[in-house]
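Need a 3D model of the sequence below.
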Amino acid sequence: MRIKGYYARNRRRLLTLIVVLSLLAAVMISTPVQAAPMVTLTPSIGAVGTTVTITGTVFESYKGDYVHIFFDNTEIDGSPMIVPDTGTFTTPLTIPGDATPGRHWVRVRSEVGSTTLLAENFFIVEEAGINLDIFDGPVGTSVTITGKGFYSGRTVTLYYYNILKEKIGTETASPTGEFSYRFIIPDSTGGVHKISAANAEGNSAEIEFEVLPSIVLNLSSAGPGEVVNVRGTGFGHRSDVNISLATRTVATARTDDYGNFNVNFNVPELNPNPYDVKAEDEEKNIDKANFTVTAGANLNQTTGSVGSKLTVRGTGFEIGGTVTVDYDDLRVATVKADNNGAFNITFSVPPGSSGSHVIRVSDGTTTKQFAFTVESEAPQPPALSLPDTGTETRAKAHLDWQDAADPSQPVVYRLQIASDQNFSSLVLDKDGLAESEYTLTDEEMLAATPESAPYFWRVKATDSASNEGEWSDPWSFFIKAPAIPSLLLPASNGNIETPVFFNWQAVDSLSPPLTYDLQVATDLNFTSILLDIKGLTGSEHLLSEEDELQLEKEIPYYWRVRAIDSAKNESEWSAPSSFYISKAFSFPSWAIYTLIGIFVVLAVFLAFRIGRRTAFRPPD
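Model prediction:
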């Protein structure tokens, strides 16, 4: 019975447990499972400065609660924030400037110090870097630079490392720190060149581009003797370049600081065939171009001076045709081709500039051209002859110097006269003088100057090839004003009778003819001038009656004289001298006429008295 009771009790307990478990299962089945909170980042990769949108979802269990958001271990601006009823929230985050490249975690916690992590995700900060769409090519290649990992929205400056670090442009990084910039490879030497990108925030990156040597011909074919131009880029810095056609060296050139060169060559006598033109410098930079030699003409020399005799020979031209020869744009010769189409013509190099010139030969169908170089040596400075330095000369100066020797004749001269040794104050500048001497014209005559402040002159020569020489060493000269005349008559403080005669000592000058000015005044300072007589050609003067009427005898008169040369250079006034006028006694005309009238009246009265006495005398 006890055993049956035990089993009955246990069965009841088991049924109760089954019912409870069933009810719990029903409750659990009827209650939905809650998903874990999530956080997403948009964008999830970029540079420092990128603005990221943090979105939290499935936070319904925490609605109304505060949540704290961290970037790595630093709580972001705007945190903590209250979870809304929707369980979804968003907040911005700007990736800080001190964030290093790599993975950084954004974490959401319920409290600042809590170890409970509600959700997390990571953002990748890209390392600054640049790339090229092409990594080698000649000067002039178009290259696109792309970059990433640069501070969002900031200016990125791009550099190309040539002789100097050259700025090639700027670009603004995108919101995620990317950029793209296109540029042309500038003039630069062959080899590897660094390209860099940097901003003011410290982001920088570098990459390399290899410049390849390249040559370009202006002609793809030409005949013997014709001129061909070769331009090269991407060669060595100031390097000698050998230009060869087939196996023959046809020209040499020297590159500039950036590996460029430009040279002409005359096609040598070769059989008509295709050949390679090759350029190779001292650093083994090499490039080739295809070229075909055809029939043509040749020039007997490629360098010379103005006036040099040149001969052009040609074959294969139009039989009996007229062949013209042009020196640059100037027609210098004409000839007819013979029955074999050959010709031979000689002409002189005309005046022009030094350096490279082109000679063209044409029959209207076939045209050949040659490079000719005129010498570039300038004439030596002329040696000055007259006037000797430091000496006096006339105002209408005559200047002489020695002829300049030069292969490109004729030579012309430039003459300068200045009032200072640095020739900053020019008084005469004559260019294009054909002779080695010059005399100043009447309009160019020079003013007098003291010996302590002379004129300076110099000369330089220019030949017919436009080669301009240096100035000669300057010489000096001075021009004296006429001497002060010495007064002779009237004697000082003397009494003179009219007519008044003035006499003074004549003076000498290197600039004749001389004239004199005479002044007479009533005071020693010549503030009250009675007579001012100009342009006297002699050293004496007799006053006219009209001039003498201005003089009175009671006061002293003062007189002085100065000399003037043909250039209007005036001497100082002479020291003044004085004189008095003493006139002989004479009745004035009114007194004479009065006396005559009285005499006539007396004569009439006496005649009347005598006549009356005679009429009343008694007869004897």
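
Who does the residue lying closest to residue 303 once chain neighbours are set aside form a beta bridge with?
Leaving aside its sequence neighbours, residue 303 sits nearest to residue 373 (C-beta to C-beta, 6 or more residues apart in numbering; 4.6 Å). All C-beta atoms are positioned from the backbone trio N, CA, C, and that covers glycine. Residue 373 has these beta-bridge partners by DSSP bridges: residue 303, residue 356.

Next, count neighbours for residue 373.
14 (other C-beta atoms under 10 Å).

By mean pLDDT, flag the weakest helix or strand of the chain.
None of the helices or strands of the chain scores lower by mean pLDDT, DSSP states H and E than helix 2-30, at a mean of 51.

List of residues touching stretch 98-118?
37, 39, 41, 48, 52, 54, 56, 59, 62, 65-72, 75, 80, 93, 95, 119-128, 149 (C-beta atoms under 8 Å, 6 or more residues apart in numbering).

Model confidence for the nearest residue in space to residue 225 that is not next to it in sequence, exactly?
Using C-beta to C-beta, 6+ apart and skipping residues adjacent in sequence, the residue nearest residue 225 is residue 298, 3.0 Å away. pLDDT for residue 298: 81.

Likewise for residue 186?
95.

pretty sure it is touching residue 166, no?
Yes: Residue 186 is within contact range of residue 166, at 6.8 Å (criterion: C-beta atoms under 8 Å).

list residues touching both of those two?
residue 160.

list the contacts for residue 255?
Residue 255 neighbours (C-beta under 8 Å, 6+ apart): 189, 232, 235-239, 241, 261, 281.

Give the residue spans of the stretch 251-400 of the chain that score low on pLDDT.
Counting by pLDDT under 70, the stretch 251-400 of the chain shows low-confidence ranges at 271-272, 295, 316.

residues contacting residue 482?
If a contact means C-beta under 8 Å, 6+ apart, then residue 482 has 507, 509, 514, 562-565, 569-571 as its contacts.

ok, now with 10 Å
Contact partners of residue 482, counting by C-beta atoms under 10 Å, 6 or more residues apart in numbering, are 448, 507-512, 514-516, 562-565, 569-572.

Sort out which of those residues are buried, if you could.
Among the contacts of residue 482, the ones that count as buried by 16 or more other C-beta atoms under 10 Å are 448, 507, 509-511, 514-516, 562-565, 569, 571.

Return the distance of stretch 480-489 from the chain's centre.
Distance of stretch 480-489 from its chain centroid, counting by C-alpha atoms, centre = their mean, to the nearest Å, is 55 Å.

Next, the buried residues of that stretch.
Neighbour-count burial for stretch 480-489 flags 480-482, 484-485, 487 (criterion: 16+ other C-beta under 10 Å).

can you tell me which of the residues you listed are in strands?
residue 487 (DSSP state E).

I'd like the buried residues of stretch 480-489 as TSV, with pLDDT and distance to residue 525 appended.
Shown next, in TSV, are these (pLDDT from 0 to 100; distance: C-beta to C-beta, whole Å):
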residue	pLDDT	distance to residue 525
480	88	27
481	89	22
482	91	23
484	93	18
485	93	19
487	93	17
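
would you turn the buried residues of stretch 480-489 into JSON lines with distance to residue 274?
Output for the buried residues of stretch 480-489, formatted as JSON lines (distance: C-beta to C-beta, whole Å):
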{"residue": "480", "distance to residue 274": "80"}
{"residue": "481", "distance to residue 274": "82"}
{"residue": "482", "distance to residue 274": "85"}
{"residue": "484", "distance to residue 274": "91"}
{"residue": "485", "distance to residue 274": "93"}
{"residue": "487", "distance to residue 274": "100"}
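
I'd like to know which of the buried residues of stretch 480-489 is nearest to residue 466.
Using C-beta to C-beta, residue 480 is the member of these that lies nearest residue 466, at 40.4 Å.

Residue 451 versus that closest one, what's the distance?
According to C-beta to C-beta, to the nearest Å, residue 480 and residue 451 sit 8 Å apart.

Could you tell me which residues touch both of these two?
Between them, residue 480 and residue 451 share these contacting residues under C-beta under 10 Å, 6+ apart: residue 392.

Sketch out the helices for the protein, chain order is fine.
2-30, 545-548, 589-615 (DSSP state H).

Tell me the buried residues in the shortest one?
Looking back up the chat, that one is helix 545-548. residue 547.

which outside residues touch it?
Outside helix 545-548, the residues within contact range by C-beta under 10 Å, 6+ apart are 498-500, 520, 530-531, 533, 541-542, 581, 583.

What average pLDDT does it get?
On average, helix 545-548 scores 79.

what separates that helix from the chain centre, distance-wise?
69 Å.

for residue 91, what are its contacts?
Contacts for residue 91 were tallied using C-beta under 10 Å, 6+ apart; they are 52-56, 69, 76-79, 81.

Output those residues in a markdown table; the columns should cover pLDDT, neighbour count and distance to residue 388.
As requested, these are exported to a markdown table (pLDDT from 0 to 100; neighbours: other C-beta atoms under 10 Å; distance: C-beta to C-beta, whole Å):
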| residue | pLDDT | neighbour count | distance to residue 388 |
| --- | --- | --- | --- |
| 52 | 96 | 21 | 91 |
| 53 | 96 | 12 | 95 |
| 54 | 95 | 23 | 97 |
| 55 | 96 | 15 | 101 |
| 56 | 94 | 23 | 104 |
| 69 | 94 | 23 | 99 |
| 76 | 93 | 18 | 94 |
| 77 | 92 | 11 | 92 |
| 78 | 89 | 11 | 96 |
| 79 | 91 | 19 | 99 |
| 81 | 92 | 16 | 102 |
